[in-house]
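Visitor: Okay, predicted coordinates and the sequence, questions at the end:
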Amino acid sequence: MEQSNICVSIRHVSKSYKKHHVLQNINLDIFEGEIFGLLGPSGAGKTTLVKQLTGLDTPTSGESYVFQKKMPSLQLINSIGYMAQSDALYEDLSAKENLQFFSSLYGLKGEQQTRRIAEVMELVQLTDALNKLVSNYSGGMKRRLSLAIALLHEPKILILDEPTVGIDPVLRKSIWEAFYELKQNGTTIIVTTHVMDEADKCDRLGLIRDGQLIAVGTPDELKEATNSSTIEEAFLVYGGAKK
Amino acid sequence: MRVFALTIRILRQIVRDKRTMGLLIVAPILVLTMLHLVFNGEEYTPKIGFVDVPDTIVDQMDVDGAAITKYSDEKSAQADLGEQIIDGYVYFENNAPAIVLEGSDPSVAGATMKWLQQPMLSGQENSNAPTLKIDYLHGSSEMGMFDYFGPVLLGFFVFFFVFLIAGVSFLRERTTGTLERLLASPLRKWEIVMGYVLGFGIFTMIQSTIIAAYAIYVLGMMMDGAFGYVLLITLLLALTALTLGILLSSFANNELQMMQFIPIIVIPQIFFSGLFNLETISEWLSWIGPFTPLYYAADALRDIMVRGYGWSAIYMDILALVGFSLLFIAINILALRKYRKI
């Protein structure tokens, strides 16, 4: 792939809670405009790693840089869109009220706010459910609304923690199409997943296991290097080789 | 502005939850009404038995305000006393009157004693004794327990409900992950706390206006001072309840654990709020009073409503309440550092 500017750079990041090492000496560069997938089983440290980039967590040692600025930084928060693993939504409000609230936090107002709300809801195909209360949403709808909220302020970097959990294959496909569209517009997307078939759709992958980054490369590179036909097999080889 | 976005959202959530909104306004009104009926009911009429009291004495006595039963022997009076048909009886031993009380309920025993100790024989001495003229610096002879308890209870209800509702809603913000989501946005930590203060502040203004107006104008709770001062004090008290509720919610993992703060944090404040005479509280405990917000609010509310005082009497209480709020706000902002360092 064509080399562009590094937009996220993780340097020697370790994180431990008391004696438990969640992340161990992670080094990783992510380039502008790519879809980078973090693949690993649950509990591997994916969420902890992406939280370093949202400013919600700080490493025990090491640093992470976003656009050459050290995180956490309040200035950078505006250029990052974050979708957490749990749907952080106000269930007693309607989807529209949720969107209005979050967009005002990012300084969107008036006509611009209305336009963006319509755009993101169109993208996640929830336009018809705009005025519904979130408590009446299904799990998949909530997931998509969370994604819509993360997209509201047109962030340069989109960090998505397990975005397609509980979403049916048809919708998952349309969501990935939305990701490609965003990528075309220059958005960098960092996505965590434990679904192997989703990993193939990423430009590059980072395999993470027990807090360690065991391999980084394009899906094809990883398969070639391990002489395997699927990412799952490649993961097994990397995981096994460590032992 | 971001703070207002948060304020609007909180108000929307309160309005959407009709049942909780109803609880915040209807519950205090209901309880105050019941207290009004309980405390302003009729005075207790003691039921007294006379054992073998000569009719000539009974005829001379002023027996108003008591139900008299005559007994010919002490045994039957004792039996009725045991079954609580009478509260006490009078008999004569060596020509001197003696009294036996049932005694299991202090308030009944008190009422019985009070009646028995008034001059028993009408016309005796009374004619030439000068009538005692009584003037009240505050209150009046008509002032009842309800008027004295009222201001404290008014403050207590505001504190109790705001503490609980604000604590629970911040707890939910934390457990549903929306707090983390807020901190992943450009919202500053102080803006989160101020958004809560404003949102619940506006609602509390409406809530306390309704409750105070109901207590004063419908139930006729004594009100000598300015209504505006009452609102100011309840609002400030609500702010301390709000900020304390938010603070303590970070030590609770669910709604039930939030409820557990009621007997620890909320109820004990009643004891130091002046509902019971502060001077009679054991010295081991009385030092706690000045550390509880309700202590200052109750003092100020009583100064305004019962004593009709104004600014000069309540400004120290106002300072204390503002101090509590600022302290809790500062700790809250620091506590949010746990989620985001900047």
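Guide: Yep, it's here. It should be emphasised that the depicted structure is a prediction, and the values quoted were computed from it without experimental measurement.

Visitor: From here on, just use CA atoms for contacts and neighbour counts.
Guide: OK.

Visitor: Could you give the bridge partners of the residue nearest to the spatial centre of chain A?
Guide: A centroid search over chain A (C-alpha atoms, centre = their mean) returns A:Leu160, at 2.1 Å, as the residue closest to the centre. For A:Leu160, the beta-bridge partners under DSSP bridges are A:Met83, A:Val191.

Visitor: which residues touch it?
Guide: Taking C-alpha atoms under 8 Å, 6 or more residues apart in numbering or on different chains, we find A:Leu160 in contact with A:82-85, A:147, A:189-192.

Visitor: Tabulate these in CSV, adding columns for pLDDT and neighbour count.
Guide: Converted to CSV, the contacts of A:Leu160 look like this (pLDDT from 0 to 100; neighbours: other C-alpha atoms under 10 Å in any protein chain shown):
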residue, pLDDT, neighbour count
A:Tyr82, 93, 26
A:Met83, 92, 27
A:Ala84, 90, 24
A:Gln85, 87, 17
A:Leu147, 92, 27
A:Ile189, 94, 28
A:Ile190, 94, 22
A:Val191, 93, 23
A:Thr192, 92, 26
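
Visitor: Which pair of the residues you listed spans the longest distance?
Guide: Using C-alpha to C-alpha, the two most remote members of the contacts of A:Leu160 are A:Gln85 and A:Ile189, lying 15.4 Å apart.

Visitor: list the buried ones in stretch A:175-194?
Guide: Residues of stretch A:175-194 classed as buried by neighbour count (16 or more other C-alpha atoms under 10 Å in any protein chain shown): A:175, A:179-180, A:182-183, A:187-194.

Visitor: for that stretch, the distance to its chain's centre please.
Guide: The chain centre lies 9 Å from the centre of stretch A:175-194; the measure is C-alpha atoms, centre = their mean, to the nearest Å.

Visitor: List, one by one, the residues from chain A near chain B.
Guide: Contacts of chain A with chain B, taken as C-alpha under 8 Å from any C-alpha of the partner chain, map to A:54-58, A:72-75, A:77-78, A:82, A:84, A:86-90, A:92-93, A:97, A:101, A:104-107.

Visitor: Can I get the contacts of A:Leu160 in JSON lines including distance to B:Leu336?
Guide: Listed next are those as JSON lines, based on distance: C-alpha to C-alpha, whole Å:
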{"residue": "A:Tyr82", "distance to B:Leu336": "19"}
{"residue": "A:Met83", "distance to B:Leu336": "20"}
{"residue": "A:Ala84", "distance to B:Leu336": "18"}
{"residue": "A:Gln85", "distance to B:Leu336": "20"}
{"residue": "A:Leu147", "distance to B:Leu336": "25"}
{"residue": "A:Ile189", "distance to B:Leu336": "28"}
{"residue": "A:Ile190", "distance to B:Leu336": "26"}
{"residue": "A:Val191", "distance to B:Leu336": "27"}
{"residue": "A:Thr192", "distance to B:Leu336": "26"}
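
Visitor: In space, what's closest to the residue in chain A positioned nearest to chain B - neighbours in sequence excluded?
Guide: Closest approach between chain A and chain B, counting by C-alpha to the nearest C-alpha: A:Ala88, at 4.4 Å. Leaving aside its sequence neighbours, A:Ala88 sits nearest to B:Thr178 (C-alpha to C-alpha, 6 or more residues apart in numbering or on different chains; 4.4 Å).

Visitor: Spit out the contact partners of that neighbour.
Guide: When contacts are counted by C-alpha under 8 Å, 6+ apart, B:Thr178 touches A:88-90.

Visitor: A:Leu93 now?
Guide: Here A:Leu93 is in contact with A:133-135, B:12-13, B:16 (C-alpha under 8 Å, 6+ apart).

Visitor: Phi first, then psi, for the residue in the stretch 51-200 of chain B that chain A sits nearest to.
Guide: Proximity of the stretch 51-200 of chain B to chain A (C-alpha to the nearest C-alpha) peaks at B:Thr178, 4.4 Å away. The phi/psi pair for B:Thr178 (degrees, to the nearest 10) reads phi -70, psi -30.

Visitor: And stretch A:91-111, what's buried?
Guide: In terms of neighbour count (16+ other C-alpha under 10 Å), stretch A:91-111 has its buried residues at A:91-106, A:108.

Visitor: Touching, the residue of chain A closest to chain B and B:Leu183? I think so.
Guide: No - when contacts are counted by C-alpha atoms under 8 Å, A:Ala88 is not listed as touching B:Leu183 (11.5 Å).

Visitor: so A:Gly43, which of the three states?
Guide: What DSSP: H, G, I helix; E, B strand; the rest coil gives for A:Gly43 is coil.
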